[in-house]
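Chemist: sequence and predicted structure, then a few things I'm wondering about:
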Amino acid sequence: MSGVDQQTATSATTATFVTALVFNAAVFGIEIGLFTLLRPYFKQIYEPRTQVPVEKDRVKPFEAGFLTWPIALFKADYRDVQQVNGPDAYLFVRFLRMMIRILLPIWFISWIVLMPVTSVNTSVNNSTGLDRFIFGNVSSFDQDRFAAHIILAYLFTFWIYWNIKREMQHFTTIRQLHLVNPAYSRSVQANTILVTGIPAKHLSEPALRQLYSHLPGGVKKVWLNRDLKELPSIYDRRLAACGKLESAETSLLSTAAKLRRKALKKANGAGDPSPSADPERNVALAERLVPREKRPSHRLPAGFMPFSLPLIGKKVDTIDWCRQEIAATTGLLTKGRQTLADEGLAVPEDVNGDGKVDKNDRVKQTYPVLNSAFVTFNQQIAAHLAVNALTHHEPYCMADRYLEVSPPDVIWGNLGLNPYEKRIRLAISYSATAALIIFWAIPVAFVGIISNIEGLCVRESWLAWLCKLPSPVIGIIQGILPPVLLAVLMMLLPIVLRLFGRFEGIPTYTGLELSLMTRYFIFQVIHSFLIVTLSSGIFAALPSILSNPSSIAGLLAAYLPKASTFFLTYILLQGLSGVAGGFLDVVTLVLYYVKLFILGSTPRSIYNIKYGQSTVAWGTLFPSITLLVVITFAYSIISPVINGLSCFTFFLFYLLYKYLFLYKYTQPPSADTGGLFFPKAIQHLFVGMYVQQLCLCALFFLVSAPDGKRGALPEGVLMIVLIILTIGYHAIINSSFGPLSKAIPLSLAHKTFRHPEPSLDLQDVDGGSGPNSRETAEEEIEEGPSPTDKPRASSSESGAERAPHSDYDDMFFARGPDGTEDYGFAQPAACRPQRIVWIPDDSLSLGREEVKANKESDVKATTQNAKMDEHGNVDVTGPPVDLAKF
């Protein structure tokens, strides 16, 4: 959702509303028509969930007629979203459904009551068009009509109260059912907590096991986090080299296919027999078809430069260089992992004799332990008790605890922050957010200046040269550049706010999105609503205020509601053009084929383009919707026309996102919060009510009677009472449902997961960084390796050619029922294997020969599920063999 600029709001009139209605309706009709035509033929774009090659992730196709799909979509059960995409997606769609239920009666009642009250036999300054139906059109001689506004304000508020309570009860039920669902309850994510700020005395597995031994079931496993220093960058280098090698190998095979075609044509023209496709001759054939000078090559960065430049730096053969780089980085990772395993983590003792155990007592290590750990419990209820219990007797020690953590969701760089440092970072982060909100007006104002450059060059002499530019250039500067710049600014804003959250020390990506949701909503309400509303009303009334300052109160009461006309057009834009654009998604349609043509050179890139998961960023999606809620609530009494438009807009959004979450988007379970975005969205509803009630209160007190006295004083006082009631109800909702949204109550403990054989006598393990595990014999069979054994390497992937490798290359700690490796909460750099180089198979079997050549260089590669035709075109028939590992 883009920002709202003040100049646009000021100039919005009934005529612009009609124009916007016609234009957006035309855009809506065209885009929905195109979607109707294209949908059956582009399933990969519009129903990708039905096309995924992994059967367990595939959903049933959308069964609907060519023209009857809207009816079929309306009848589709929105509750299926939870089965397809989890509680977060389901509760978002439920939120849209709730807004329809809230606004439907408000729409009918407000139009039946308020529109006649503000327009029949009363007027201010002979208002016409939509201005006849606003609060400010009630004449000073008809102020008894404000009784209708205050009555409906109370009625609508109590109706919203009831819906909030109903939905919070439903949310609590859905969340608790999700938490105790056997499929989720037995997962590592449900039974693991992240603890930060651990004092040195407790930085060992025995100490943490002893600390949490008072909880039911005890501890199953502890993963102490280590400062891996250079290992993550080495791991990233190996990943980059694997990707570069895939691209180079595919390019080599494509060049060979093209050169062979030319050779065949030449041979056929001369009457010579065609070259043999005997696999034993393929290497020689490849060398003959692709000479050294035509093999893929690149330049290395020169000197200290982090990247290479054309014509600068040493030129190397890409395939040879990548193989050497992979082998070198694998050796460095193996050495580092061996060091992690050999060093281990001893129980902290008072070595220096100062009477306490602190970081000075720990033995110097290559990869020292951080002050955080992941703790997996044998019972799910123990994890919830551990998070909500007061863990340590010293300030801030082990104070930050996080529930429902999954390895892909972890921000590894934020696991070693000092608790005092985190508090300081928190203050700096929110101070920077406040400063950004305050000073954001500067770049927005600059964009506004650019949009009026033609007038500025006349008034300002130093800009006179701009008037000499050709008219098309000035038209581009004024008409195209400002909206592009504004769109870029609004795209940069979430990125900057996420950086603030990351700087703050938030250790999970879902936590980052929850933080962004709050920050982005505050920004949207202040910049896209409050400033626009107030400034547009003041600017509209400014000439009259300057000529007659004593009339400021009455003028503001009359002019402030007029900003609603702009927001009517804004709601139309979102409801018509926005929704239709969401269905058609022309950008994705075009980029899909552009990417396949330009970027689809390797099997992995083609797989990612065709079957890569499309997700949503909750931190920006929810605020864009709740901003519409705030706007609607704020003007529901002041300008009741908005109620019908908003109800229709939320209905269209409901259909759109029901479709997207059923057939298009894929929300990974590791990034699902179990619905925690929903109660934050409910808080935004309260913000909308506060804005509405404060605006009405101010307007009632600004109304002047013919004798100069306050004309709506009783209504203003009643609005103060309503504000107090809303504050009280808000506090009741938070205190009653807040705790229920954070943890499983003991009354449901009997429904949670319990490990069948909890292990309470486990010895010291270094779970966070290496294979130095010490488990009982029973757990060894079930979970992973014993301490005396070398770390277990995963078995060969189906069909993958595996090169000889160190035991430390693939260090998983357990194997799931389906055979997938479980790496637990070890950092990827400390356990993950080399990503298998994915090469396409071809008719000459050159791909298989390249796999063998890679194997000889200690590089794992495979041709499984990838094919290249004789023209050099690559396609995939399935996912990468190691998809689950990366």
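Modeler: Nice, I can see it. Residues are numbered from 1 along each chain as shown.

Chemist: isn't Arg295 right next to Leu253, touching?
Modeler: No - Arg295 is beyond contact range of Leu253, at 11.4 Å (criterion: C-beta atoms under 8 Å). C-betas here are computed from N, CA, C, even on glycine.

Chemist: can you pull the contacts of the residue nearest the centre of the chain?
Modeler: Compute the mean C-alpha point of the chain, and by C-alpha atoms, centre = their mean the closest residue is Ala617, 2.5 Å away. Ala617 makes contact with 494, 513, 516, according to C-beta atoms under 8 Å, 6 or more residues apart in numbering.

Chemist: quick one on the thing from earlier: joint contacts of Arg295 and Leu253?
Modeler: Common neighbours of Arg295 and Leu253 (C-beta under 8 Å, 6+ apart) do not exist.

Chemist: those two: who's more crowded?
Modeler: Leu253 (24 against 17; other C-beta atoms under 10 Å).

Chemist: which helix or strand contains that one?
Modeler: helix 231-270 (DSSP states H and E).

Chemist: avg pLDDT for that helix?
Modeler: Averaging pLDDT along helix 231-270 yields 87.

Chemist: which positions in it come out as buried?
Modeler: Neighbour-count burial for helix 231-270 flags 231, 234-235, 237-239, 241-257, 259-260, 263 (criterion: 16 or more other C-beta atoms under 10 Å).

Chemist: one more: stretch 189-209?
Modeler: Neighbour counts over stretch 189-209 (16+ other C-beta under 10 Å) mark 189-205, 207-209 as buried.

Chemist: now, those that are in strands?
Modeler: Among the buried residues of stretch 189-209, DSSP state E puts 192-196 in strands.

Chemist: farthest-apart pair in those, please.
Modeler: Maximum pairwise distance in those, criterion C-beta to C-beta, is 13.8 Å, between Thr192 and Thr196.

Chemist: chain center to the helix or strand containing Leu485, what's the gap?
Modeler: If you go by DSSP H and E, Leu485 is part of helix 481-504. Computed by C-alpha atoms, centre = their mean, to the nearest Å, the chain-centroid distance of helix 481-504 equals 14 Å.

Chemist: so what does it touch, helix or strand wise?
Modeler: helix 419-439, helix 441-450, helix 509-525, helix 618-635 (3 or more C-beta pairs under 8 Å, 6 or more residues apart in numbering; DSSP states H and E).

Chemist: read off the pLDDT value for the residue nearest to Val180 when sequence neighbours are not counted.
Modeler: Excluding its sequence neighbours, the residue lying closest to Val180 (C-beta to C-beta, 6 or more residues apart in numbering) is Lys751, at 4.2 Å. In this model, Lys751 is scored at 89, pLDDT.

Chemist: run through the strands of the chain in chain order.
Modeler: Counting by DSSP E, the strands of the chain are 192-196, 219-226, 297-299, 315-317, 369-377, 400-403, 814-815, 821-822, 837-838, 861-862, 866-868, 874-876.

Chemist: give me the helices and strands touching the second one, please.
Modeler: So the one you mean is strand 219-226. Using 3+ C-beta pairs under 8 Å, 6+ apart as the test, strand 219-226 ends up in contact with helix 205-211, strand 369-377.

Chemist: go on, the first one?
Modeler: Based on contacts counted as 3+ C-beta pairs under 8 Å, 6+ apart, the elements that strand 192-196 packs against are strand 369-377, helix 380-388, strand 400-403.

Chemist: what about it, distance to the chain center?
Modeler: So, by C-alpha atoms, centre = their mean, the centroid of strand 192-196 is 22 Å from its chain's centroid.

Chemist: pLDDT below threshold where in the stretch 451-600 of the chain?
Modeler: The stretch 451-600 of the chain contains residues with pLDDT under 70 at 451-456, 458-460, 475-476, 478-480, 482-484, 486-487, 534-546, 548-563.

Chemist: gap between Val594 and Arg604?
Modeler: Separation of Val594 from Arg604 (C-beta to C-beta, to the nearest Å): 18 Å.

Chemist: for the two, work out which one has more neighbours and name it.
Modeler: Arg604 (24 against 12).

Chemist: I'd assumed Gly243 was in contact with the more buried one.
Modeler: Yes - contact criterion C-beta under 8 Å: Arg604 and Gly243 qualify, at 7.4 Å.

Chemist: returning to what we had before: give me the buried entries from the contacts of Ala617.
Modeler: For those, buried by 16+ other C-beta under 10 Å: 494, 513, 516.

Chemist: these two touch, right, the last one and Leu497?
Modeler: Yes - taking C-beta under 8 Å as the contact criterion, Leu516 and Leu497 are neighbours in contact, 5.4 Å apart.

Chemist: touching both of those two, which residues are there?
Modeler: With C-beta under 8 Å, 6+ apart, Leu516 and Leu497 have common neighbours Gly619.

Chemist: coming back round to it: show me what the helix holding Leu253 is packed up against.
Modeler: Helix 231-270 packs on helix 282-289, helix 318-343, helix 603-611, helix 828-831, strand 837-838, helix 846-856, strand 866-868, going by 3+ C-beta pairs under 8 Å, 6+ apart.

Chemist: taking helix 603-611 as reference, get the angle to that helix.
Modeler: 100 degrees (axes from the mean of the first three to the mean of the last three C-alpha atoms, to 10 degrees).

Chemist: give me the angle between helix 231-270 and helix 318-343.
Modeler: Using the same axes, to 10 degrees: helix 231-270 against helix 318-343 is 150 degrees.

Chemist: next, the angle from helix 231-270 to helix 846-856.
Modeler: Going by the same axes, to 10 degrees, helix 231-270 makes 140 degrees with helix 846-856.

Chemist: show me the residues around Asn163 that make contact.
Modeler: 98, 101-102.

Chemist: which of those residues fall in helices?
Modeler: Within those, residues falling in helices by DSSP state H are 98, 101-102.

Chemist: residues touching Trp69, list them.
Modeler: Trp69 is in contact with 36, 39, 62, counting by C-beta under 8 Å, 6+ apart.

Chemist: tally of neighbours for the closest residue to Leu725 other than its chain neighbours?
Modeler: Distances taken as C-beta to C-beta, 6+ apart put Thr157 closest to Leu725, at 7.7 Å, once the chain neighbours are dropped. Thr157: 21 surrounding residues under other C-beta under 10 Å.
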